[in-house]
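Participant: Can you look at this prediction? I've put the sequence above it.
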Amino acid sequence: MAATARYRSQSTRHRTTGNKRPTGPRRPAKVAILPAVTFTSPVPPLDLRSLFPGIEAFGRTATRLHPRAGTPGLSDSHVAGMLLWPADEPWPTCRGPHLVPTETSVPAEVAALLKTPRVEMTALLRERIPGFTGIRTTEAGTVLLGSEAVTEPIPSPLVPVAQLRAADIPDLHCPVGTDLLQVLWCPNRHHDSAGPPVQLRWRVSSTVVDPLPAPPPPTVVRAEQYLLRSCVLHPEQVTEYPWWQELPAELGRRVRDFDDNCQLGEHDYSSVSRARGWKVGGYATWALTDLLPMDCPGCHRSMDLLLTVDSSESEGSSAWLPVEDSHLRPSRTDPEWMAAYQPTGVSVGREGRLQVFVCMTCPDTPTRQIIQ
Ligand SMILES: [Zn+2]
Ligand SMILES: [Zn+2]
């Protein structure tokens, strides 16, 4: 991995003393052996196999990516940065339509009616005014908040989200003959609530002999929460268990009852059974909608969870806080905590997670995505 290689190169760097030649008996230089950077998930605070006999049959691995700020190499697995991209291959672009926020001033006599709008009034506005999202009243007056769909005059380049090598990520299963997955998205709001639409590229990394040196910058960025910071990765394989509705009915009910009886602040099945943070593979979480079918638009079979892009790495809970970060206390003013908590700078939904599903059976590996 990039970080490992970087530390090794530091450990073998020789000290120099200008032009002075060393004097005295020659001794072997002391070489500091720095440990490779790893991040390790803690021992789960609940023993799920003891609590829910039979659940062991549903264990499935996921690879936590543990992104951390860094400067990745072109061929490394990483977040953001540059992708190993053939210089003669067109870079993908998007013209939208993108949702652009709008504000419409309300005449004073109407503003009085909207000062404390009844639920029915808000519903009526939502129904009658396309893109209506709310009302804002300040000393300057009252405005209706909304959005309109805009098609860009010039296509805007997508931005790199991640580059993942199968050799680094045990749970990344590339199509036969390829060894590299690249993920890109458009940093703007689109028509639906599934987050920025992703595009995938599967590659044979050895065939990229003349790579593009840098990504073309996007010409339109209206959703800065979709811009990412460059990170190196520290993959770790963990075992996960399914969302309760994906278990057999009786076992799922026991899990649900257990969570319903947990007190506020206690670890429950839902928070312990699936990793927080960026990950490849494993199980999806359905905290916003309950379980939804994610069937392939081509072959209509159930799709596999490919990648989870998460707004935080631990949700402030100790259940998935790496052992190496256990000395940190949640604080948005502590740079060290924020570097561990939100290393990529991305926020999807309301601090949620974007789950990208893929069909590896259909030749064009179609995707679907949802925010939870
Ligand atoms: Zn777009
Ligand atoms: Zn399919």
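Facilitator: Noted; the coordinates are in hand. Computed from a prediction, not measured in an experiment: that's the story for all the values here. Ligands and ions are numbered 1, 2, ... in the order given.
Participant: The residue nearest to residue 269 when sequence neighbours are not counted - how many residues pack around it?
Facilitator: Nearest residue to residue 269, sequence neighbours excluded (C-beta to C-beta, 6 or more residues apart in numbering): residue 255, at 4.9 Å. Glycine gets a C-beta too; all of them are placed from N, C-alpha and C. Around residue 255 there are 23 other residues, counting by other C-beta atoms under 10 Å.
Participant: a helix runs through residue 255, doesn't it?
Facilitator: Yes - remark: residue 255 belongs to a helix, assigned using DSSP: H, G, I helix; E, B strand; the rest coil.
Participant: What parts of the protein come near ligand 2?
Facilitator: Counting by C-beta under 5 Å from the ion, the residues of the chain close to ligand 2 are 296, 298-299, 359, 361-362.
Participant: need the longest strand for this protein.
Facilitator: Using DSSP state E to define each element, the chain has its longest strand at strand 141-150.
Participant: re earlier: wait, doesn't the residue nearest to residue 269 sit right on residue 247?
Facilitator: Yes - at 6.4 Å, residue 255 counts as touching residue 247 under the criterion of C-beta atoms under 8 Å.
Participant: Quickly list what's touching both of those two.
Facilitator: residue 55 (C-beta atoms under 8 Å, 6 or more residues apart in numbering).
Participant: residues making contact with the longest strand of the chain?
Facilitator: Residues contacting strand 141-150 (C-beta under 8 Å, 6+ apart): 96-106, 108, 110-111, 114-115, 125, 129-136, 189, 191.
Participant: Go again with 7 Å.
Facilitator: 96-106, 111, 114, 129, 131-136, 191 (C-beta atoms under 7 Å, 6 or more residues apart in numbering).
Participant: Tell me which entries of these lie within strands.
Facilitator: 98-105, 134-136.
Participant: before we move on, the earlier item: the inter-axis angle of the longest strand of the chain versus strand 98-105?
Facilitator: Strand 141-150 and strand 98-105 are oriented at 160 degrees to each other (axes from the mean of the first three to the mean of the last three C-alpha atoms, to 10 degrees).
Participant: Can you flag the buried ones in the ones in strands among the contacts of strand 141-150?
Facilitator: 98-100, 135 (16 or more other C-beta atoms under 10 Å).
Participant: quick one: contacts for residue 211?
Facilitator: So residue 211 contacts 74, 84-87 (C-beta under 7 Å, 6+ apart).
Participant: hang on, the earlier thing: format the buried ones among the ones in strands among the contacts of strand 141-150 as CSV; extra columns: pLDDT.
Facilitator: Listed next are these as CSV, based on pLDDT from 0 to 100:
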residue, pLDDT
98, 95
99, 93
100, 91
135, 88
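Participant: Go through those residues and name the one nearest ligand 1.
Facilitator: Using C-beta to the ion, residue 98 comes nearest to ligand 1 of those, at 5.4 Å.
Participant: Distance of that closest one relative to residue 369?
Facilitator: Using C-beta to C-beta, to the nearest Å, one gets 17 Å for the distance from residue 98 to residue 369.
Participant: Regarding the residue nearest the centre of the chain, which helix or strand does it belong to?
Facilitator: The centroid of the chain falls nearest to residue 309 when counting by C-alpha atoms, centre = their mean (1.5 Å). Applying DSSP states H and E as the criterion places residue 309 in strand 304-310.
Participant: The nearest residue to residue 178 once chain neighbours are set aside and ligand 2: what is the separation?
Facilitator: Once flanking residues are discounted, residue 178 sits nearest to residue 202: 4.2 Å by C-beta to C-beta, 6+ apart. Separation of residue 202 from ligand 2 (C-beta to the ion, to the nearest Å) stands at 15 Å.
Participant: and whichever strand or helix holds residue 202, average pLDDT?
Facilitator: According to DSSP H and E, residue 202 maps onto strand 198-203. The pLDDT scores in strand 198-203 average 98.
Participant: neighbouring strands for that strand, and are they parallel or not?
Facilitator: strand 180-185 (antiparallel) (DSSP bridges).
Participant: the helices in the stretch 101-250 of the chain, which residues?
Facilitator: In the stretch 101-250 of the chain, the helices defined using DSSP state H, counting those that start in this stretch lie at 108-113, 119-128, 249-260.
Participant: what's the most buried one of those?
Facilitator: helix 249-260 (a mean of 14; mean count of other C-beta atoms under 10 Å).
Participant: Other residues contacting that helix?
Facilitator: Contacts for helix 249-260 (C-beta under 7 Å, 6+ apart): 51-52, 54-55, 244-245, 247, 268-270.
Participant: One more pass at 8 Å, please.
Facilitator: With contact meaning C-beta under 8 Å, 6+ apart, helix 249-260 is reached by 51-52, 54-55, 244-247, 268-270.
Participant: Could you pick out the buried ones from these?
Facilitator: 52, 55, 244, 247, 268-270.
Participant: ok, so of those, who is nearest ligand 1?
Facilitator: Using C-beta to the ion, the buried ones among the contacts of helix 249-260 come closest to ligand 1 at residue 270, 32.8 Å.
Participant: Excluding chain neighbours, what is closest to the closest one?
Facilitator: Residue 270 sits nearest to residue 259 (C-beta to C-beta, 6+ apart), 5.6 Å away.
Participant: thinking again about what came up before, what about the contacts of residue 211, which one has the most neighbours?
Facilitator: residue 85 (23 neighbours).
Participant: Hmm, it is touching residue 208, no?
Facilitator: Yes - contact criterion C-beta under 8 Å: residue 85 and residue 208 qualify, at 7.0 Å.
Participant: Looking at the stretch 1-150 of the chain, which residue is nearest ligand 2?
Facilitator: Closest contact between the stretch 1-150 of the chain and ligand 2, by C-beta to the ion, is at residue 60 (20.2 Å).
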